[in-house]
Structure formats: C-alpha cells, structure tokens
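Asker: Give me coordinates for this.
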Amino acid sequence: MPKAELHIHIEGSLEPQRIFALAQRNGLTLPYADVEALRAAYAFEDLQSFLDIYYAGAGVLLKEADFFDMAWDYFQRAAADHVVHAELFFDPQTHTDRGVPIEAVIIGLHHACQRAHAELGISSRLILCFLRHLSEEAAMATLEQALPLRHHFVGVGLDSSERGHPPEKFARVFARCRELGLHVVAHAGEEGPPAYITSALDVLKVERIDHGVRCTEDPALVQRLARERVPLTVCPLSNLKLCVVPDLAAHNLPQLLDAGLCATVNSDDPAYFGGYINDNFLQTFEALPQLGARQAWQLARNSFEASFVPAAQKQAWMAQLDAVFAQAADAA
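Answerer: Here you go, the predicted structure:
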C-alpha cells in the first residue's frame, strides 16, 4: 500500500556497511573491527544508550557527498516499501559541532531529495531538528545558521534525550520558527511523561507529536488528541528496542486507533532498531492480531492526512490507497 513516513531520522538510517564505507572514504578509524562487531553493539537499554552509539556513527559524515549517499540509501529502501512521501528529520548540531558546514548537511540531503523525486517518484520534505540536551541558545544559533537555506526545509523538530529536557525549555526558539512560517513538531511522551505532550501542544504549539505513546496514561489528554486530531508519529520497533514497551504484543497502537487518534507507523532510526517502515507494519501486526486490513488502511490514510503537503496531493494519495485496497478486496 502507498504510505507516507513522517518520523525518520536520516542519520538513523546509516547502515553499518555505509558507516564503514564512509569511514574508509574519509580516512577515519572506527572502534569496531567490522560490520558485525558494530551491529552487535546495537543492544540498547534505553534512549541514552542508543544516542551514544547514534552520535558516534554520525561522526563519519563530513562532506556533502556523505549526506547525499546516506539519504539516497534511505530513499531506495523507502521506494521498495512503497513510501510515496517522506519527511526526513536531520540534526545539524550533530555535525556543525564537529566543524561540518551546515551547507554540506542541507545541500547534500536536498540533492538526494531531488534525485528521489526524479528517479523514484518519492515526494519529500526536510525537517531541521534541535537537540534538546543542548541549550535553547544553541538551538537559536543553529536556526540562524540555517536561515540562508530556509527554502530547503519546511519545519523544525525537537529530538534527542527527553528526560529532564521539557518542551518549554525551547519556547522562544519555537516561537521564532512559527513567526518564520515553519511547521513545528516535537518528540514527546516517549520516555518523558504525558505532561511533556501537553507542554509541546500548549507552549511550543506543535502540529504533530513524535512518538506520544505515553498519552494513554492520561485519559483527558487522549480525548484532547482525538478531538483536535493531533497526529502521533508512532515507531513500534523503536519502542521495543529502547524498552518503552516490553514486547510488541504489549504495544498500545490498537488503543490509540480505537480512541480515534491520528496515529501513524514509522521507522524512527531503522538501521539501529531492526527495520524500515514495512518491517514496523509487519512485525507489529503479527504481534497484535486485533490489527487487520482496516487498521492498516487507517494508518496509511492518517500518514497522508498528517503530512505537510497541499490538500490536493493528500487527496490524490488517499485515492491511490483506496484503489489498492479495493483491488485487494476484489482479488479476495
């Protein structure tokens, strides 16, 4: 089925093979003997233990061509999974703090987006994310650095360590982004409490909540999310790998859908969490037998509804989706 992916950290799509290839190209030595040794290190206890390896892996990205190659790898995988639209998160501070020019980051990704549209027919958008474990002043400086390339990204997000870094820490920079006409989203309610979701909505005034699975701990919040049709970009395999849920059979995706929330399925950091978007669908649906064709259709439809594209394009994709399910029903 056609689908949109709205929660993909492009640095999190950096496969071990590509990490080693870029390290060799850039004359870097990795602290792992080979691809398998690196992959074996992907045993995470929580979000922070993942981030430590994630930032280390991103250290091989130095030049515009590196960012292009990383994103092009992702787009080829996305095309195989019938993704027709992708909104890519990228973390400029992860790179500029190492001396990489922000232009190399954004232009490299932009060129991959152009090629994906021309050769694969995939529509895409870039969303610049601020690292929440750093200061708001650092986020504001990053925004100013990026503004000459404003035409290459459509929004901003907030990611990295959630615990101890509430959304309101970034109130001023998000207000500035809204003034600039940028879309705004934020990670909330993954490891952080439901109150962080409320703060993201009320203080940052975000249009989407990334993750948001802990909302079910607050019934009034669930009602609000359903009433206001706030999208949640849920990432099941990420939740499993980072111990947000003990197993996929315990995931609350069915409850989110039953409550009428605009939930979507995404891959987050697929190279580290064991699967791209179709893997997330297949493994989650296998673990949760109450999910069936209707829920698959709803999740895909929600992904188009929640995307940052014109209404006419959303409707065209939804029509494609309906046609796929009608064809499947006829075949059955």
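Asker: Excluding sequence neighbours, find me the nearest residue to Leu180.
Answerer: Here the nearest residue to Leu180 in space, its sequence neighbours aside, is Arg150; by CB to CB, 6 or more residues apart in numbering that works out to 7.2 Å. Just so you know, the C-beta spots here come from the backbone N, C-alpha and C atoms, and that holds for glycine as well.
Asker: nope, Gln290 is what I meant
Answerer: Closest to Gln290 by CB to CB, 6+ apart is Pro254, at 5.2 Å.
Asker: Next, the residues that contact the helix or strand that contains the one you found from outside, please.
Answerer: Element membership of Pro254, judged by DSSP states H and E, is helix 253-258. Helix 253-258 has contacts (CB atoms under 8 Å, 6 or more residues apart in numbering) with 213, 215-216, 232, 234, 236, 263, 265, 284, 288, 290-291, 295, 298-299.
Asker: give me that answer again for 10 Å
Answerer: 212-213, 215-216, 222, 225-226, 232, 234, 236, 239, 245, 252, 261-265, 280, 284-285, 287-291, 294-295, 298-299, 302 (CB atoms under 10 Å, 6 or more residues apart in numbering).
Asker: Take those and keep only those in helices.
Answerer: Among these, the members falling in helices (DSSP state H) are 222, 225-226, 236, 239, 280, 284-285, 287, 294-295, 298-299, 302.
Asker: re the thing from before, name the residues of the helix holding Pro254 that come out as buried.
Answerer: For helix 253-258, a neighbour-count test (16 or more other CB atoms under 10 Å) marks 253, 256-257 as buried.
Asker: Now for Ala195, how many residues are close by?
Answerer: Ala195: 16 surrounding residues under other CB atoms under 10 Å.
Asker: got it, and Ala220?
Answerer: When neighbours are defined as other CB under 10 Å, Ala220 has 10 of them.
Asker: check which helix or strand covers it.
Answerer: Applying DSSP H and E, one finds Ala220 within helix 219-228.
Asker: Show me what the least confident helix or strand in the chain by mean pLDDT is packed up against.
Answerer: Of the helices and strands making up the chain, the lowest-confidence element is helix 47-57, at a mean of 83, by mean pLDDT, DSSP states H and E. Helix 47-57 is packed against helix 16-25, helix 35-40, helix 236-241, helix 270-273, with contacts defined by 3 or more CB pairs under 10 Å, 6 or more residues apart in numbering; DSSP states H and E.
Asker: Same list (the buried residues of helix 253-258) but as a markdown table, adding pLDDT.
Answerer: Supplementary listing: these in a markdown table, determined by pLDDT from 0 to 100:
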| residue | pLDDT |
| --- | --- |
| Leu253 | 98 |
| Leu256 | 98 |
| Leu257 | 98 |
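Asker: so which of the helices and strands packed on helix 47-57 gets nearest His187?
Answerer: helix 236-241 (10.8 Å; CB to CB).
Asker: Okay, buried residues for that closest one please.
Answerer: Applying a neighbour-count criterion of 16+ other CB under 10 Å, one finds 236-241 buried in helix 236-241.
Asker: again, but for stretch 60-75
Answerer: 60-62, 64, 66-75.
Asker: Need the worst-confidence member of the buried residues of helix 236-241.
Answerer: Within the buried residues of helix 236-241, Lys241 has the lowest pLDDT, namely 93.
Asker: and that one, what does it touch?
Answerer: 42-44, 47, 50, 235, 268-269, 272-275.
Asker: quick revisit: helices and strands around the helix holding Ala220, which ones?
Answerer: Judged by 3+ CB pairs under 10 Å, 6+ apart, helix 219-228 is in contact with helix 194-202, helix 253-258, strand 262-265.
Asker: Would you tell me which of these gets closest to Cys113?
Answerer: Nearest of those to Cys113, taken as CB to CB: strand 262-265 at 20.1 Å.
Asker: and the closest one, what other elements does it pack with?
Answerer: strand 3-9, strand 208-211, helix 219-228, strand 231-234, helix 253-258, helix 277-287, helix 293-305.
Asker: Need the ones you listed in JSON lines (columns: distance to Val154).
Answerer: Below are the helices and strands packed on strand 262-265 laid out as JSON lines (distance: least, CB to CB, whole Å):
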{"stretch": "strand 3-9", "distance to Val154": "12"}
{"stretch": "strand 208-211", "distance to Val154": "12"}
{"stretch": "helix 219-228", "distance to Val154": "21"}
{"stretch": "strand 231-234", "distance to Val154": "15"}
{"stretch": "helix 253-258", "distance to Val154": "25"}
{"stretch": "helix 277-287", "distance to Val154": "20"}
{"stretch": "helix 293-305", "distance to Val154": "16"}
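Asker: Give me the pLDDT for Met70.
Answerer: On the pLDDT scale, Met70 is placed at 98.
Asker: list the contacts for it?
Answerer: Counting by CB under 10 Å, 6+ apart, Met70 touches 10-11, 13-15, 18-19, 22, 58, 60-61, 90, 108-109, 112, 271.
Asker: Report the separation between it and Ile8.
Answerer: According to CB to CB, to the nearest Å, Met70 and Ile8 sit 12 Å apart.
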